[in-house]
Structure formats: structure tokens, C-alpha cells
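In: what shape does this take:
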Amino acid sequence: MSNTNIIVGQSGGPTSVINSSLAGVFKTARDHGCKKIYGMRNGIEGLLKESYVDISDYIKSNLDIELLKRTPASFLGTCRCKLPTQENSPETYEKIFEILKKLEIGYFFYIGGNDSMDTIAKLSAYGKEFDSDIRFIGIPKTIDNDLAATDHTPGYGSAAKYIATAMKEIICDAKTYSTDSITIVEIMGRNAGWLTAASALSRSEDCSGPDLIYLPEKVFDLDDFVQRIKELKKDNKVVTVAISEGVKNASGRYICEVNKKSIITDSFGHKLLGGTAMYLSDYLTDCTGIKTRGIVFSTLQRCASHLVSSCDISEAFMAGADAVVAALNGENGKMVIFKRISNNPYSIITELCDVQKVANEEKRVPDEWIINNGTYVSKEFEDYARPLIIGELSPFMVDGLPRHLFI
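Out: Numbers count the residues shown, from 1 in each chain. So this is what the prediction gives:
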């Protein structure tokens, strides 16, 4: 079936290397003789509106492929769309498969995280039930690194590199002054603290790293937090804290909810968080009388394509390429995963996992990697994460700025 058409979509929060996976799909499908390579505009939501493009209209050379690999955000556009169950909305599935039939699609690829794999799981199950020949393969993506079954996810290494770099720069800046200061750095992570843990990678011979690291895997005690800050201030003019946006108190309430009447949720029911650093910086100023600054990385940690890890961007491309090969070999209802062979030297291979084992599951930082009564991470975490940030891939610069591919 290599002479049939394929379609690929991107879903969920972008990363700085998600388009490298798209490039891997495109190049591998083209090299294997697939006729048309369609791209969904804004994921499954766009497909339901019959919004798609022929990617060949935008990628005409190997240089375009290299530009695409270096382009941040989702080239095709993204969405946060939860497919209803087949039982609740059979017409939705009928429409999707009618569109795929009209486009003569033989292979369907979706680049995304937990919720995107839910889409692959539902579509592949429906297809099998009705003896469809279409193969559905998931390609992992998330800066959160919380996908089950895989050692790590494309996007995480580059986000970790950005976080560790920015943390070094923040600490260097804070220590410029002779005055006392406290800095609270808020990092993405609703339920899993992989990103915040990456702040520990900033610790090196030229940087002390953050003084405290708080992950959502552990209960956040505000009184204990304040006491630890006060103890640190006895010997340090400057204190820096890395904290996940999703830390919760003992009652299960997000810290960032304290001063808010309500929090907006997305279509999957996830609360849209933010404000943890600002709340804590104001609280610490009141408690200590010391100047406290709250810094929020927000979307910068997922779109900083000028600081990608070459390891990450290469693995993202590999995930896309191997997904195509797997589909051409007859696989269906699977997701590409990474299996680590060794840390030193760093080595991985790709395998396939039943997407049903991945969809809607979350992988959290292991308890044994969270140390110092929940205020730091261990060397084992650093040994795991450091290989993922190694290497650089410079953007193509035009007039002093990075050049990107766009629709």
C-alpha cells in the first residue's frame, strides 16, 4: 500500500521540535513512494471541517525540510479536541472515515501527547471494528515528558535545555546585586514535574543551581516553604526557587487557585493553570520584607527553537520516520516509543507500544528521584535528563533573525 495517500496531524501544546517529527513523516513517506501527503489543519478538529493541505505544496526541497525541522510551534496548526466515544457520537466517526475514504488515505499519523493518543486509540478501534484498511499510528510529543511506556518524549529535551539555560542566566543576574532578593521561577507541569526538575541541570561549576525545587508529585506546604526560605536567607543574599505551576496543598487545591474565584478548563477538563510564582512572590514579600520576584517561563519553554537540543530534534525526526515505516509494515493502533539502552554512552532504540496502554495515562517523576523532603531532585534524575539536552542545531539566520517555514 506504499502507493496510497497518507495524512498527518498535530495536536495539543506545540514543542520546539514537533515539526521535526512532521519532517520525518513527510520525508520517509515521500521516499517510500506514497502519492499524496496531506496535513490536517488544526488536527482532528480541522479534519472534521475538511480543512487540510497537500504538504508538498510547501515543502519542495531538502532545504525546506531543514527549515521545517527548525520551525517552532505546529506548522499545520493544532487543537485541543476530545473525540466523543463511538457510542455517544457514531456520526462523528462516520464523517471522519468518509473524509479519509474520499482522500484515499491508507495511513493516518497523529503527533501529540496523552490526549492525542486517545484519538488514535478511538479511531484505530473503530477502524478494526469495521474492517478498515487504514493504519493509525501515534507519534509522541510533549514537553511534559509524561507519556507512559516511553523513556522520554520528543520536545522534552529542548524544553529542559531552555529551562536549565534560563535558570543559569536568572541566577547569574540575581547575584549581580549586593542587596537581598528572592526569585520564584514558575515552570509548566500540571501533574508531572519533569520540566521543573530540569532546573537542576543548571547546577555546574559556574552555577549553584536553584536552592529549592518543588514538583507536583509532592504536597506543597506553604508554612514549611516560608520557613525554608527564611533559613536559606540566614546564609545567602540571593535565593532562587523553581516550582511547578501545578503544585497543590494537602487538601488537593492548586496553590495558584488561592486568590482566584475560578479557573478555566479545556475540552479535556484540564484546568488552565498559572499564577503560582506571582502568588508566592507576593506572599514572601509580606512574610519576609525582602524583594521577591516571580518569573513565569510560560510558552517560552515550548517554542524556543533557537535553543533546541540536537539530540531532541534528531529523535523527533526519528519518531516520525519510524512511524511511517511501522505503518507500511502493517502496524496499526500503535505509538512509537523510545527504549534507553544506556546513559553513558547515551543510546536509545525505537519500539512500538499498543496505544491503548498510553492514552490518558501519565508518567510522573519517580518518588526515589525526589529528595530533601520534596525540595530537590537526585543525581539519578540528572543522569537520566542530561543526555537529552546535549548538542545544538543553529537556526538559519536572515537579517539577524531565525527564518521559519510557514503556511
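In: got any ranges where the protein has weak pLDDT?
Out: By pLDDT under 70, the low-scoring segments of the chain are 1-3, 259-273.
In: what's the domain layout of it?
Out: In terms of domains, the chain is parsed into 5-154+305-361+391-402, 157-303 (source: automatic domain parsing).
In: with residue 374 as the reference, name the closest of these.
Out: domain 157-303 (3.6 Å; C-beta to C-beta). (Each C-beta comes from the backbone N, C-alpha and C, glycine too.)
In: ok now that closest one, how far from the chain's centre?
Out: Between the centre of domain 157-303 and the centre of its chain there are 19 Å (C-alpha atoms, centre = their mean, to the nearest Å).
In: and the end-to-end length of it?
Out: 12 Å (C-alpha to C-alpha, to the nearest Å).
In: reformat the domains of the chain as TSV; add mean neighbour count and distance to residue 375.
Out: Shown next, in TSV, are the domains of the chain (neighbours: other C-beta atoms under 10 Å; distance: least, C-beta to C-beta, whole Å):
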stretch	mean neighbour count	distance to residue 375
domain 5-154+305-361+391-402	20	20
domain 157-303	19	5
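In: quick one: which of these is nearest residue 372?
Out: domain 157-303 (8.4 Å).
In: dump the domains of the chain to JSON lines, plus distance to residue 372.
Out: Conversion of these to JSON lines gives the following (distance: least, C-beta to C-beta, whole Å):
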{"stretch": "domain 5-154+305-361+391-402", "distance to residue 372": "21"}
{"stretch": "domain 157-303", "distance to residue 372": "8"}
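In: from residue 355, how far out is residue 181?
Out: 47 Å (C-beta to C-beta, to the nearest Å).
In: ugh, typo on my part, it should be residue 214
Out: 32 Å.
In: what of residue 200?
Out: From residue 200 over to residue 355 the distance is 32 Å, taken as C-beta to C-beta.
In: so which helix or strand takes in residue 99?
Out: Using DSSP states H and E, residue 99 sits within helix 90-102.
In: report the angle between the helix or strand that that helix is followed by and helix 90-102.
Out: Where DSSP H and E defines the elements, the next helix or strand beyond helix 90-102 is strand 105-112. Computed by axes from the mean of the first three to the mean of the last three C-alpha atoms, to 10 degrees, the angle separating strand 105-112 from helix 90-102 equals 120 degrees.
In: which strands and helices lie in contact with strand 105-112?
Out: With contacts taken as 3 or more C-beta pairs under 8 Å, 6 or more residues apart in numbering; DSSP states H and E, strand 105-112 sits against strand 5-10, helix 18-31, helix 43-48, helix 114-129, strand 135-140, helix 310-328.
In: so which elements touch the helix or strand that the last one is followed by?
Out: Scanning the chain past helix 310-328 towards its C-terminal end, the next helix or strand to appear is strand 334-343 (assignment: DSSP H and E). Contacts defined by 3+ C-beta pairs under 8 Å, 6+ apart place strand 334-343 against strand 135-140, helix 310-328, strand 346-354.
In: what pairs with the shortest one, and is each one parallel or antiparallel?
Out: Yep, that's strand 135-140 we're talking about. strand 105-112 (parallel), strand 334-343 (parallel) (DSSP bridges).
In: which residues outside that strand are in contact with it?
Out: 21, 25, 106-113, 116-117, 120, 123-124, 127, 147, 150, 153-154, 319-320, 323-324, 326-327, 330-338, 355, 358 (C-beta atoms under 8 Å, 6 or more residues apart in numbering).
In: Throw the helices and strands packed on strand 105-112 into JSON lines and include distance to residue 96, thanks.
Out: Output for these, formatted as JSON lines (distance: least, C-beta to C-beta, whole Å):
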{"stretch": "strand 5-10", "distance to residue 96": "11"}
{"stretch": "helix 18-31", "distance to residue 96": "19"}
{"stretch": "helix 43-48", "distance to residue 96": "7"}
{"stretch": "helix 114-129", "distance to residue 96": "7"}
{"stretch": "strand 135-140", "distance to residue 96": "11"}
{"stretch": "helix 310-328", "distance to residue 96": "17"}
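In: before we move on, the earlier item: export the helix holding residue 99 as CSV, just CAs?
Out: Provided in CSV are the C-alpha atoms of helix 90-102 (Å, rounded to 0.1, in the frame of the first residue of the first chain):
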residue,chain,number,x,y,z
PRO,A,90,-21.3,7.4,15.8
GLU,A,91,-21.9,10.2,13.2
THR,A,92,-18.5,11.8,14.1
TYR,A,93,-16.6,8.6,13.2
GLU,A,94,-18.7,8.0,10.1
LYS,A,95,-17.8,11.5,8.9
ILE,A,96,-14.1,11.1,9.6
PHE,A,97,-13.9,7.8,7.7
GLU,A,98,-15.9,9.2,4.8
ILE,A,99,-13.4,12.1,4.5
LEU,A,100,-10.4,9.6,4.8
LYS,A,101,-12.0,7.4,2.1
LYS,A,102,-12.6,10.5,-0.2
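In: and that helix, how far out from the chain's middle?
Out: Using C-alpha atoms, centre = their mean, the offset of helix 90-102 from its chain centre is 29 Å.
In: just checking, what packs against it?
Out: helix 43-48, helix 114-129.
In: look up how far residue 340 lies from residue 72.
Out: Residue 72 is 26 Å from residue 340, by C-beta to C-beta.
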